[in-house]
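> Need the 3D shape of this:
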Amino acid sequence: MSDQIVPIDQILPPRLPVVALMGRPIFPGIFTPIMIGNPVDVKVVDDAVTGDALVGLVMLQNETETPAAGDLYKVGTVAKIIKKINLPDGGLNIFISTLKRFRIKKVLHASNPIVAAVEYLNEEEDDTSEVKALTRALISEMKQISENNPLFSEEMRLNMINIDHPGKIADFITSILNIDRAEQQKILEILNVRKRMEQVLVFIKKEQELLRIQKKIQKEINEKIEKSQRDYFLKEELKAIKGELGMTTDAKSSDYQRFKDKIDAYKFEGEIKEVVDQELEKFNLMEPNSAEYIVTRNYLDMIVSLPWSEPQSENFNMKNAQAILEADHYGLKDVKSRIVEYLAVRKLRSSSAESTSPAKAKPSQEATPSAEISPAGISVSQGSIICLVGPPGVGKTSVGKSIARALGKQFFRFSVGGMRDEAEIKGHRRTYIGAMPGKIIQGIKIVKTKDPVFMIDEIDKMGASYQGDPASALLEVLDPEQNSAFRDHYLDLPFDISHVFFIVTANTLDTIPQPLVDRMEIIQLPGYIDTEKLEIAKRYLVPKSLEKNGLKKNQVKYTKDSLLHIANAYAREAGVRNFEKNLDKIHRKLAKQIVENQEAGNDAAVSTDTVPADSTAQKETKNAQFTIDKKLIEKHLGKPLFPEGDIKKADRPGMSVGLAWTSMGGDTLVIEATSVPGKEGLTLTGKMGDTMKESAAIAMTVARKLAVERYNVAHDWFDLNHIHLHIPEGATPKDGPSAGITMATALLSLMREQVVTGQLVMTGELSLTGQVLPIGGLKEKTIAARRNRARHIIIPRQNERDLDEIPDYVKKDINFHPVERFEEVLALALPDHSR
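Presented below is the predicted three-dimensional model:
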């Protein structure tokens, strides 16, 4: 009997143990390995191997660790186990050959293991030319994909060509395409070969589109890489060429060489050398793109930009220095004298050190730099820091500039007004983003010398906050014993600033901490009287303002009376700042008038406000076009702020005029007292401070005692009258004890109903026993009295020594009356003619 071929579905069993697939479905006609890790599936495989070696492979709908029959798709593939390999972890690696599709008809065992009754599915074949065309299209399209995809091996290409059945070609292509597992399962479930091939062709087109996009992206990336590589090679070639020519290479190398050359030239030693060498080496190893690169570069740049070498000895001529001070400033004889004395001491100590010290070697930096030391053990450049104190506009800043000119040194100015952060003085630590050195180190870097003149403006207006107290930070800066090794937080290296000539300015000493005041030599700059303002205007302010406003000297002429009128009627403050502003205002209006006349074609450009040539008060010079008189001043500046009759005076009982000192200079103070019927008492108004209120209480007690005992005022007068004491300009705060005798005089003037002596002002603290105690600011108060046209000033006898400090032209036509007792004040202010 001859052998007969039996169809495969007749020898396949009707029931199969099922292995759940967690990955992708496996198509028929494929030989492939599978990893089995689930202990239940391992047992299924072991049992199958001992029998017919057939298992069903069905994909899970949702991956789970404990699969059951309900988790499986209905269509799977029957496979024959060819080989089994046991793995160390208890799993299996099996090689299978897939045979045919099947559908689960009935679940015989739902889990552990899953066993199902199955029916085997046959393909619905269409032996038509359309299927053949689809077959060729699939193979052609897959060739195109495989040629552009390195993941397709040559073996895959050969297998695809050698498969002769269209359905198997579709299954093989689906198994190697990178498509979703659910889409692959749909292909597995399609039995019609033509439909299956059409669906696979759609997936191939999608894959080709993805490959096209991938190829485009890869091309762009390759172009960028090629460009960067090309740039890199060109830069390397350029670096080699520059190296051969002895030129600098890249920016980093150039910076490194620059830093190294300058550091080597300074010949640092000790701590400075160690720190700088470490930073330089770190900079050399850094990549320019790193975040620390810029920080380290800026730090090294700051180090090499500072003047580490010792400065040359001071060599200035005293006569020239004095001439510069005289040329730049009018008056201020006391201030100039003290500055010249200070400069003479610096020159003498410097000359003494040079004559007794041996020849010096080339300067170098030690670990802790120090100032040059004289034989007496005192630094040549050490000394008190000058503090210029005075009202605004008296020339404090310009005096500092003149000192720098006299010494022939660089000048650097910065203001600390409103400063609340100590880092502004001592710098920020380098750990902070945007850190920078403090103003001291920044200034030294700018002037490029170790011995400049530093002006610190508005030191009385510093504040304090949670960020620190800048006034405390200045203690180290302004202390000659400490600043030879000043450490800025950013630099964090000792730097010698003892050679710096510090000049500090302030309007008042009241708000400056006492430890800071102790480190400075105080020089007071009082205000100017009208005659001084006249000379300052003629010599400095008028020429400066004319030039600033585009006018020539021969176009504008001021007379003495016109300048005095501006000083007395518009700029009566201690300084000359408002004086200059008023001049600028006049000159701007004149400039406007000249331009308008020129545009109108008026070549003469003569103002209609010009005084006629036959005026007896003022005459035009040969080339002058404007002669400034009072009328023209009032036209341009408006009505006077201080009319001629606006003099503070006591012209009725209960009034007296005192003198006060403020940060704006000296001022006059009117005290007013009146009484009203009512309950005994004293009311104080005028925004008095606590000290002034206490002085008023003392004045009331002393005045009442003298009124009763000496002037026979009835006791019941105080019981029947309520006294009100007031100081005008109530919005301005007032405090201090120096108005004591003024308030007591006003009260006694009220009680005696007698007017105080005319053109008399006074200042002095009053004690409870009637003593007149000393006060401060006598010079400023005298200037204020002169502006108020006073002829008599009552002062405490202990202040008589201060009269020598007041210039004679300020004291001219003023009688000073030193007193010890309040009774002496009354003899001058309220003389008893009956006695």
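
> State the next helix or strand along the chain beyond the lowest-mean-pLDDT helix or strand in the chain.
Least confident helix or strand of the chain, by mean pLDDT, DSSP states H and E, is helix 154-162 with a mean of 56. Downstream of helix 154-162, the next assigned helix or strand under DSSP states H and E is helix 166-176.

> for the helix or strand just after that next one, which positions count as buried?
Proceeding N to C from helix 166-176, the next assigned helix or strand is helix 181-189, under DSSP H and E. Neighbour counts using 16 or more other Cβ atoms under 10 Å place Glu183, Gln184, Gln185, Lys186, Ile187, Leu188, Glu189 of helix 181-189 among the buried residues. In short, each C-beta sits where N, CA and C put it, glycine included.

> Just list the residues touching the second one, thanks.
Going back to what we said before, that points to Gln184. Going by Cβ atoms under 8 Å, 6 or more residues apart in numbering, Gln184 touches Arg24, Pro25, Thr174, Ser175.

> Among the buried residues of helix 181-189, which pair sits farthest apart?
Greatest spatial distance among the buried residues of helix 181-189 (Cβ to Cβ): Glu183 and Glu189, at 10.9 Å.

> where are the low-confidence patches of the stretch 701-835 of the chain?
When residues are selected by pLDDT under 70, those of the stretch 701-835 of the chain lie in 730-731, 833-835.

> the longest strand in the chain is where?
When the chain is scanned for its longest strand (criterion: DSSP state E), the result is strand 92-109.

> ok, the buried residues of helix 181-189 vs Glu119, which is closest?
For the buried residues of helix 181-189, the nearest to Glu119 is Glu189 (13.6 Å; Cβ to Cβ).

> surely the closest one meets Val75?
Yes - look at Glu189 against Val75 with Cβ atoms under 8 Å: they come within range, at 4.6 Å.

> Quote the end-to-end distance of stretch 653-673.
This stretch, stretch 653-673, spans 8 Å end to end (Cα to Cα, to the nearest Å).

> what's the offset of stretch 761-780 from the middle of its chain?
Put simply, stretch 761-780 sits 47 Å off its chain's centre (Cα atoms, centre = their mean, to the nearest Å).

> Grab the CA positions of that stretch and hand them over as PDB.
Below are the C-alpha coordinates for stretch 761-780, written out as PDB (Å, rounded to 0.1, in the frame of the first residue of the first chain):
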ATOM      1  CA  VAL A 761      19.800 138.200  69.100                       C
ATOM      2  CA  MET A 762      21.000 135.700  71.600                       C
ATOM      3  CA  THR A 763      22.000 132.100  72.100                       C
ATOM      4  CA  GLY A 764      22.800 130.200  75.300                       C
ATOM      5  CA  GLU A 765      21.600 127.300  77.400                       C
ATOM      6  CA  LEU A 766      19.900 128.300  80.700                       C
ATOM      7  CA  SER A 767      20.300 126.400  83.900                       C
ATOM      8  CA  LEU A 768      17.700 126.300  86.700                       C
ATOM      9  CA  THR A 769      19.800 128.600  88.900                       C
ATOM     10  CA  GLY A 770      20.100 131.200  86.100                       C
ATOM     11  CA  GLN A 771      23.500 130.400  84.800                       C
ATOM     12  CA  VAL A 772      24.200 130.800  81.000                       C
ATOM     13  CA  LEU A 773      25.900 127.600  79.700                       C
ATOM     14  CA  PRO A 774      28.000 127.200  76.500                       C
ATOM     15  CA  ILE A 775      26.700 126.200  73.100                       C
ATOM     16  CA  GLY A 776      28.100 125.000  69.800                       C
ATOM     17  CA  GLY A 777      28.100 126.300  66.200                       C
ATOM     18  CA  LEU A 778      28.900 129.900  67.200                       C
ATOM     19  CA  LYS A 779      30.500 130.600  63.800                       C
ATOM     20  CA  GLU A 780      27.400 129.500  61.800                       C
END
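
> tell me the contacts of the nearest residue to Pro28 once chain neighbours are set aside?
Of all residues not flanking Pro28 in the chain, Thr98 sits nearest, at 4.9 Å (Cβ to Cβ, 6 or more residues apart in numbering). Counting by Cβ under 8 Å, 6+ apart, Thr98 touches Ile26, Phe27, Pro28, Gly29, Ile30, Phe31, Thr32, Leu57, Thr77, Val78, Ala79.

> so what's the second one up against?
It refers to Phe27. Thr77, Thr98, Asp171, Phe172, Thr174, Ser175, Ile187, Leu188.

> three-state assignment of the residue nearest to Glu535 when sequence neighbours are not counted?
The shortest distance from Glu535 to any residue other than its chain neighbours is 4.9 Å, reached at Tyr330 (Cβ to Cβ, 6+ apart). With DSSP: H, G, I helix; E, B strand; the rest coil as the basis, Tyr330 sits in coil.

> Report the separation between Tyr330 and Gln322.
According to Cβ to Cβ, to the nearest Å, Tyr330 stands 14 Å off from Gln322.

> Wait, Tyr120 touches Gly76, no?
No - under the criterion of Cβ under 8 Å, Tyr120 makes no contact with Gly76, lying 10.8 Å away.

> So for these two, which residue has more residues nearby?
Taking other Cβ atoms under 10 Å, Tyr120 and Gly76 do not tie; Gly76 has more neighbours (29 against 16).

> which element is the more buried one on?
Element membership of Gly76 [criterion: DSSP H and E] is strand 75-86.

> Note down every partner strand of that strand and its orientation.
strand 54-59 (antiparallel), strand 92-109 (antiparallel) (DSSP bridges).

> Tell me which of the ones you listed is the most buried.
Across these, averaging neighbours per residue (mean count of other Cβ atoms under 10 Å) puts strand 54-59 on top, at a mean of 23.

> quick one: the longest helix belonging to the chain to helix 181-189, angle?
The longest helix of the chain (DSSP state H) is helix 193-245. Relative orientation of helix 193-245 versus helix 181-189 (axes from the mean of the first three to the mean of the last three Cα atoms, to 10 degrees): 140 degrees.

> what distance separates helix 193-245 from the centre of its chain?
Its chain's average C-alpha position is 47 Å from that of helix 193-245, according to Cα atoms, centre = their mean.

> just stretch 445-462 next, same as before
19 Å.

> Quick check: end-to-end length of it?
First-to-last residue span, stretch 445-462, Cα to Cα: 24 Å.

> Averaged pLDDT, that stretch. What do you get?
Per-residue pLDDT over stretch 445-462 has a mean of 89.

> what do you get for stretch 138-151?
The average pLDDT within stretch 138-151 is 69.

> And for stretch 500-509?
For stretch 500-509, the mean pLDDT works out to 88.

> That one: how far from the chain's middle?
When C-alpha coordinates are averaged (Cα atoms, centre = their mean), stretch 500-509 and its chain have centres 24 Å apart.

> before we move on, back to that, now do the shared contacts for Tyr120 and Gly76.
In contact with both Tyr120 and Gly76: Arg101, Phe102, using Cβ under 8 Å, 6+ apart.

> which residues touch stretch 691-701?
Stretch 691-701 has contacts (Cβ under 8 Å, 6+ apart) with 682, 684, 688, 723, 725, 734-737, 739-741, 743-744, 747, 765-768.

> Mind checking which of those residues are in helices?
Counted as lying in helices by DSSP H, out of the contacts of stretch 691-701, are Gly740, Ile741, Met743, Ala744, Leu747.

> Does the first one touch Thr763 like I think?
No - in this structure, Gly740 is not within contact of Thr763 by Cβ under 8 Å, at 9.2 Å.

> Which one's more surrounded, those two?
It is Thr763, of Gly740 and Thr763, that has more neighbours when counted by other Cβ under 10 Å, with 32 against 28.
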